[in-house]
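Peer 1: take this sequence and fold it.
(2 chains)
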Amino acid sequence: MVTQRNPQVNLVNLSKTDYRGDPTTLCQGCGHNSISSQIIAACYELNIPPEKLVKFSGIGCSSKAPTYFLNRSFGFNGLHGRMPSLATGAMFADTTLIGIGMSGDGDTVSIGMGQFKHVMRRNLPLVYIVANNGVYGLTKGQFSATAEEGLALKGQGQNPYMPIDIVWEAVVGRATFVARSFAGDPKQVRELLKAALSHRGIAVLDIISPCVTFNNQDDSHHSYAWGRNHEIALHELAYVPPAEEIMVEYAEGESKEVDMHDGSRIVLRKLGADYDPTDRSKILTMLEEANRKQELITGLIYINTGQKSLFNLYHLPDEPLNRLSPDRIRPPRETIAKVNAMMF
Amino acid sequence: MFGFCYMITDSIINDFSITVGTVNGSGSQTSNLTLQRALFKMGIPVSGKNLFPSNIQGLPTWYTIRVSKDGYLARSETTEVMVAMNAATFAEDQAAVAPGGVFFYADDIEQAITRSDIVAYPMPVEKLARESDAPPNLRGYIANMVYVGVLAHILDIHIDRIRQALDFHFNGKEKPIALNYGVVQNAMAWAAENLVKTDPFRVQAMDATDGYIMASGNTAGALGAIYGGVQFVSWYPITPATSLAESLNQYLPMLRKDPATGKNTYAVIQAEDELAAIGMAVGAGWGGLRSLTSTSGPGLSLMTEYAGMAYYAEVPLVIWDIQRMGPSTGLPTRTSQGDVNLVYYLSQGDTMHVVLLPGSANECFEFGWRAFDYAERLQTPVFVLSDLDLGMNVWMTPPFEYPNTEIDRGKVLWEEDLGKIENWGRYLDPDGDGIPYRTLPGNRHPRGAYFARGTGHDEYANYSEDPDVWERGMERLRAKFETARGMMPKPEIVTKDEADIGVIAFGSTDPAVREAQDHLADDGLPIDYMRLRALPVCDEVRDFVRSHRRVYVVEMNRDGQLHQILSLETPDRAANLKSLSKNNGLPLTADWIEGAILAEERK
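Peer 2: Next up is the predicted model:
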């Protein structure tokens, strides 16, 4: 018997509505809303039951976003700059879950730089999204650490400092999946999200996400106009789910495939120059060159599927730790005499 | 030549203090613990306290051992037997010996014996270390065994018990045991040949330590946590809390392999700082793991923000505070009870925390496991307030008892539970005790998920700025705190006949208060003693305050922090509550308490 697939639902029989969140309270046109939509789309298309996902965030406009997607997923809106530690502890509770961390540029590379660096080093399986707009929105328009030198903002004067490059920090910080995208390029955001959701380790997505209220002037490096005019995609990226055929044939040397642990693949079709996202040594040169030419490089910048994830280091049972019965977490009665004997 | 040339008629047996003055990092801890353990195995009540500098090598350090036939384990104000191994403190150490006391000194320290009211014994420390089999790089360490041997001879400490202590210390490893034991034997033989005992101090075997073990509060707390089913530990090194986490690392692999799969039923992470340590612990607690972090005052300052969030978002976790002297970096290696107010109110707004106050190593074990039951039952952070003295020093203590109650995971709903409930809201209070029902990530019921946050939320965990919703939520948290008041461990009361004066204390001051209570009774001033074991206080505490003419609150801080809390709890009796606080970084003594109470009472 052939079952009729309802076109309104995915393979786990859920409609897109099942992946939605509350109505957004962010500004109309905010890049973060576009990212939220792509998270909904990616999870729906990957057929992940929302109960299998857990959301985390810090503080800021970006960190409010998790209430605007995946209402049926558990979530925890934590403290400013402290999302990585919260997610690290929580993900140990049930390592079969998939974590999505939503952060911003202030949350990640100002107050949260320490935790950002350490969560990468530990390779926690987590899709770590930085909605990067170069500005503090919730406190009304101060410079963030990713604002370019010389940026002029209303009431703030000119930014005198050099910016922090999140991708650069992620690569140096030994993240095992590093991508950059642009909220004005939803298709790429979605494909990158799918790839990140299939990665077993930390996946850092630096998404330029314009703040329409405080930092969307045409010459601002975090504006829609700038993004549209300066985006250079490294490759055309397609996520191929497990057990699906690659439909398009590319000529020899035209594309590169990356195999993911869950059997899915990422196909990268060459657009311009040769770029190998598995070669860590070339990245900084590429980024330096792009910065010099004022290009917004997007795409999968680095991937390493060979590094052990945090959970692989702990020899944990297959059953989630948070479902272990009391008799499995309290040593048996007969051990107490042995313990007392060890005390002298 | 015999050690005893004449009989000392009025021997002082099993009732004196030994202080060893050495250089930090010289390896004297092995010798001091060996002495302490040997005395313990002779059945004599004994306590040891390491009074050490914040330094790895080179600064003066002291170790004080009290032997007490009466079982008094507090620090003593006096030192009857001094061992001087450090030239830098030779004069100071000599001056500190009680009149009629004994002064053992390393004979390579070329300084004068200036006291005529004490007995001085030289010890050929360098010579005997040189003559040992120790390789040159170990001679400095092994030299400390010389005083063990000389003291053993002069004080009558059984050599077999020393051997037993060394066996334990070196975990049965023949080579170091033989090396150290050899030096002890040679030193004993040298003393027997060369020293004439002219002092009255000696020890005599008793049976007063039968049924006791020796453990530090930090080891005990870690083991308690393991029996409490700890599943997640995140921590950052800090004196004096480090050994708690390190004990978890030591004993977890031994005790917590999953019986079903042989896998680990826990995870331990050394975090990048205390901000992350508590962040991880809060995440794990929210995720449904029995979660713990351990720190001291400076770390707690960093943990403040997440502690407040855990209170408001109602996340269970256990936070051990091994107090050291503050404010600021303060005295990192000195003890204190100065964090009472800090932990009780930790974080902004109307935050109030539940605090356990262990008073012995044994109780560190008990509260080690119970803390998780309280945290999960109440869905709130539970602080365990220990201190450097209790945590890092080795105490004789009753053996650890296997938990006598089942693990209580509190109000948790899984898929099948939710199926039976029509109207579940994460912050609803259906039972009227202020404690809501929670679900855990991984729960696949379509209504199981909720969004936790530190921002205002209603009973269904939705964001809310509604004034009534906010006020209602905070009132429920207060109601929950009142529920806690009735659940926490009751205080322990030791009464004396017809006392109308009371003392309230907590934690590591217990041995000093008990001893002072005995002395005061002998002085004709009976006092009742209540040892608090938790905050918030229960009705019994208010009754105790109200049923005594005057109540002294004894604690180790400057401002009488517990006294302040008790004054708020019994405002009608605030004038009758007197603060007796001492804040010098040293463990409290019975003499000080006795003197302070007598001074007040005889005003």
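
Peer 1: OK, contacts around the closest residue to A:G253 other than its chain neighbours?
Peer 2: Sequence neighbours aside, A:K270 is the residue nearest to A:G253 in space, at 7.4 Å (criterion: Cβ to Cβ, 6 or more residues apart in numbering or on different chains). Just so you know, the C-beta spots here come from the backbone N, C-alpha and C atoms, and that holds for glycine as well. With contacts defined as Cβ atoms under 8 Å, 6 or more residues apart in numbering or on different chains, the neighbours of A:K270 are A:H235, A:G253, A:E254, A:S255, A:K256.

Peer 1: let's see that with 10 Å instead.
Peer 2: Taking Cβ atoms under 10 Å, 6 or more residues apart in numbering or on different chains, we find A:K270 in contact with A:L234, A:H235, A:E236, A:Y250, A:A251, A:G253, A:E254, A:S255, A:K256.

Peer 1: so the last one makes contact with A:I266?
Peer 2: Yes - counting by Cβ atoms under 10 Å, A:I266 is a contact partner of A:K256 at 8.6 Å.

Peer 1: need the helix or strand of chain B with the lowest average pLDDT.
Peer 2: In chain B, no helix or strand scores lower on mean pLDDT, DSSP states H and E than helix B:139-142, which sits at a mean of 90.

Peer 1: so which bits of it are buried?
Peer 2: With burial defined by 16 or more other Cβ atoms under 10 Å in any protein chain shown, the residues of helix B:139-142 counted as buried are B:R139, B:Y141, B:I142.

Peer 1: one step back: tell me the bridge partners for the residue nearest to A:G253.
Peer 2: Applying DSSP bridges to A:K270 yields these beta-bridge partners: A:H235.

Peer 1: okay, the buried residues of helix B:139-142 in JSON lines with distance to chain A next?
Peer 2: Listed next are those as JSON lines, based on distance: Cβ to the nearest Cβ, whole Å:
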{"residue": "B:R139", "distance to chain A": "27"}
{"residue": "B:Y141", "distance to chain A": "21"}
{"residue": "B:I142", "distance to chain A": "22"}
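
Peer 1: out of these, flag the one nearest to B:F372.
Peer 2: B:Y141 (40.2 Å; Cβ to Cβ).

Peer 1: got a list of what the closest one touches?
Peer 2: Contact analysis of B:Y141 by Cβ under 10 Å, 6+ apart lists B:G25, B:S26, B:G27, B:S28, B:Q29, B:T30, B:S31, B:A129, B:A134, B:P176, B:L179, B:N180.

Peer 1: next, the residue nearest the centre of chain B: phi, psi?
Peer 2: Nearest residue to the geometric centre of chain B (Cα atoms, centre = their mean): B:L390, 2.0 Å. Main-chain dihedrals, B:L390, degrees, to the nearest 10: phi -70, psi -40.

Peer 1: and the one 10 residues further on, by the same measure?
Peer 2: Comment: the main-chain dihedrals of B:F400 come out as phi -70, psi 140, following degrees, to the nearest 10.

Peer 1: show me what B:A84 is bridged to.
Peer 2: For B:A84, the beta-bridge partners are B:G21, B:Y105 (DSSP bridges).

Peer 1: ok, it touching B:R115?
Peer 2: No - proximity of B:A84 to B:R115 does not meet the contact threshold set by Cβ under 10 Å, at 11.8 Å.

Peer 1: compare the two (neighbour count), which wins?
Peer 2: Neighbours per residue, other Cβ atoms under 10 Å in any protein chain shown: of B:A84 and B:R115, the larger number sits with B:A84, 26 against 14.

Peer 1: list the contacts of the more buried one.
Peer 2: With contact taken as Cβ under 10 Å, 6+ apart, B:A84 is in contact with B:19-22, B:90-94, B:96-97, B:103-106, B:109, B:111, B:120, B:123, B:147.

Peer 1: measure it to chain A for me?
Peer 2: 28 Å (Cβ to the nearest Cβ, to the nearest Å).

Peer 1: next one: B:Q231
Peer 2: B:Q231 sits at a distance of 5 Å from chain A (criterion: Cβ to the nearest Cβ).

Peer 1: residues near that residue, how many?
Peer 2: Other residues within reach of B:Q231, judged by other Cβ under 10 Å, total 27.

Peer 1: what's the helix or strand for the residue nearest to it when sequence neighbours are not counted?
Peer 2: What sits nearest to B:Q231 in space, not counting adjacent residues and going by Cβ to Cβ, 6+ apart, is B:L289, at 4.1 Å. Assessed by DSSP states H and E, B:L289 sits outside every helix and strand.

Peer 1: if we can go back for a sec, which neighbours do B:A84 and B:R115 have in common?
Peer 2: B:Q94, B:V97, B:F103.

Peer 1: mind putting the residues you listed into a markdown table with pLDDT and distance to chain A?
Peer 2: Formatted as a markdown table, the shared contacts of B:A84 and B:R115 follow (pLDDT from 0 to 100; distance: Cβ to the nearest Cβ, whole Å):
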| residue | pLDDT | distance to chain A |
| --- | --- | --- |
| B:Q94 | 98 | 33 |
| B:V97 | 98 | 30 |
| B:F103 | 98 | 30 |
